[in-house]
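**Student:** I'd like to go over a predicted model; first the sequence, then the structure.
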Amino acid sequence: MRLSNMADYAVVTMSAAARHCGGARVNAGALAVETGLPAATVQRLVSKLSAAGLLRSVRGAGGGLMLARPAAAISLADIVEAVEGPIALTPCVEQGRHDCSLEGACAVRPHWSIVNNAVRGALAEVPLTRLVAMAEEPA
């Protein structure tokens, strides 16, 4: 399994936003500079992360972006799902998907939800605060 570039970039963007938590708000352009990501990519991510309730935009003087909830309450699973949708290693477990030629006789399909839940659970155990702390540790 490999995360998409956008999911990876979302984690990088949220980690940068979390480093500003409690300080001045930051805008998408500043996050782009800080992360080294293209501004257009960061803007797309900010839109998705905001729609998922992970970032909040504040208008006016002193406005900008801020975490929508404490960094400790945002998990790696939350961030990945904001960009990728529900965590599913195979498409056959998604609701309404019936495009597999093995579906009628597949003995494995009922077990994929167990695997998906285990992966999601592992990602849910990693709070944003841990990612930020790891990034700040000296090499």
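**Tutor:** Received the coordinates, thanks.
**Student:** which residues in the protein form helices?
**Tutor:** Using DSSP state H, the helices found in the chain span residues 5-19, 28-35, 39-51, 76-84, 109-124, 128-136.
**Student:** take those helices and lay them out in TSV including mean pLDDT and mean neighbour count.
**Tutor:** No exception for glycine: its C-beta is placed from N, CA and C like everyone else's. Below are the helices of the chain laid out as TSV (pLDDT from 0 to 100; neighbours: other CB atoms under 10 Å):
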stretch	mean pLDDT	mean neighbour count
helix 5-19	95	21
helix 28-35	94	18
helix 39-51	96	17
helix 76-84	96	21
helix 109-124	88	14
helix 128-136	82	15
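**Student:** among those, which comes closest to residue 91?
**Tutor:** helix 109-124 (9.8 Å; CB to CB).
**Student:** which pLDDT does the model give residue 66?
**Tutor:** The per-residue pLDDT reported for residue 66 equals 91.
**Student:** let me see the contact set for it.
**Tutor:** With contacts defined as CB atoms under 8 Å, 6 or more residues apart in numbering, residue 66 is in contact with 17, 20-21, 25-26, 55-56, 58.
**Student:** those, buried ones only, as a PyMOL selection?
**Tutor:** In PyMOL, this line selects whichever of the contacts of residue 66 come out buried by 16 or more other CB atoms under 10 Å:
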select buried, resi 17+20+21+25+26+55
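**Student:** so which of the contacts of residue 66 sits lowest on pLDDT?
**Tutor:** pLDDT across the contacts of residue 66 is lowest for residue 21, at 77.
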